[in-house]
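Trainee: Quick one: sequence and predicted model below, then my questions.
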Amino acid sequence: MKKPKIKLKVIKEDIGYSAVATIGETLIATQGETFEELRAMVLEVVNLTFEEEGYIYTLEEIQFEYDLESFFAFYKVINAKALAKRIGMNQSLLAQYIRGLKKPSNNQAKRILNGVQKIGRELSEVNFLL
């Protein structure tokens, strides 16, 4: 059997975070009070799940998918007001998506994701004068 790809859905809960994935017929689920704790728990549960097959995973091999609330709770460095302006979205609408008061359409979610990814690409190309 080929080493399965792991894609976990991360959800911000009232207290902490949860992560869940279904790999074939195997359910993988865990939770943590902080995102750092969740990542450690994910690594542990994934490696325990595939221990008999002899697979060992690193965090780099595990893909995390976020709902908007979880993403912005973890990446607080991203200013939602500035992002809304950058992608041409009403700031209060983006705030409602982030707080989970409204659910974005697929097109709106892609628009937000594209904006975040564009910022990421731009930041990865930054150089400082030394």
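Mentor: In hand now; what should we look at? Numbers count the residues shown, from 1 in each chain.
Trainee: The closest residue in space to residue 16 that isn't next to it in sequence and residue 64, how far apart?
Mentor: Spatial nearest neighbour of residue 16, excluding adjacent residues (Cβ to Cβ, 6 or more residues apart in numbering): residue 33 at 4.2 Å. C-beta: built from backbone N, CA, C; applies to glycine. The spacing between residue 33 and residue 64, counted by Cβ to Cβ, to the nearest Å, is 17 Å.
Trainee: Between these two, which is the more surrounded one?
Mentor: residue 64 (19 against 12; other Cβ atoms under 10 Å).
Trainee: So residue 27 belongs to a strand, correct?
Mentor: Yes - Residue 27: assigned to a strand according to DSSP: H, G, I helix; E, B strand; the rest coil.
Trainee: Let me see the domain layout of the protein.
Mentor: 6-66, 68-124 (automatic domain parsing).
Trainee: Tell me, how many residues neighbour residue 63?
Mentor: Per other Cβ under 10 Å, the neighbour tally for residue 63 reads 10.
Trainee: returning to what we had before: confidence score at the residue nearest to residue 16?
Mentor: Residue 33 is assigned a pLDDT of 94 by the prediction.
Trainee: cool, residue 70 as well?
Mentor: 84.
Trainee: And the helices in this structure, which stretches?
Mentor: With DSSP state H, the ranges of helices along the chain come out as 35-49, 68-74, 80-87, 91-99, 106-124.
Trainee: Packed most tightly, which of the ones you listed would that be?
Mentor: With neighbours defined as mean count of other Cβ atoms under 10 Å, the helices of the chain peak in mean count at helix 68-74, which reaches a mean of 19.
Trainee: So which elements touch the helix or strand of the chain with the lowest mean pLDDT?
Mentor: Every helix and strand of the chain was ranked by mean pLDDT, DSSP states H and E. The lowest is helix 68-74, at a mean of 86. Secondary-structure packing of helix 68-74 (3 or more Cβ pairs under 8 Å, 6 or more residues apart in numbering; DSSP states H and E): strand 6-12, helix 91-99, helix 106-124.
Trainee: let's see 7 Å
Mentor: Judged by 3 or more Cβ pairs under 7 Å, 6 or more residues apart in numbering; DSSP states H and E, helix 68-74 is in contact with strand 6-12, helix 91-99.
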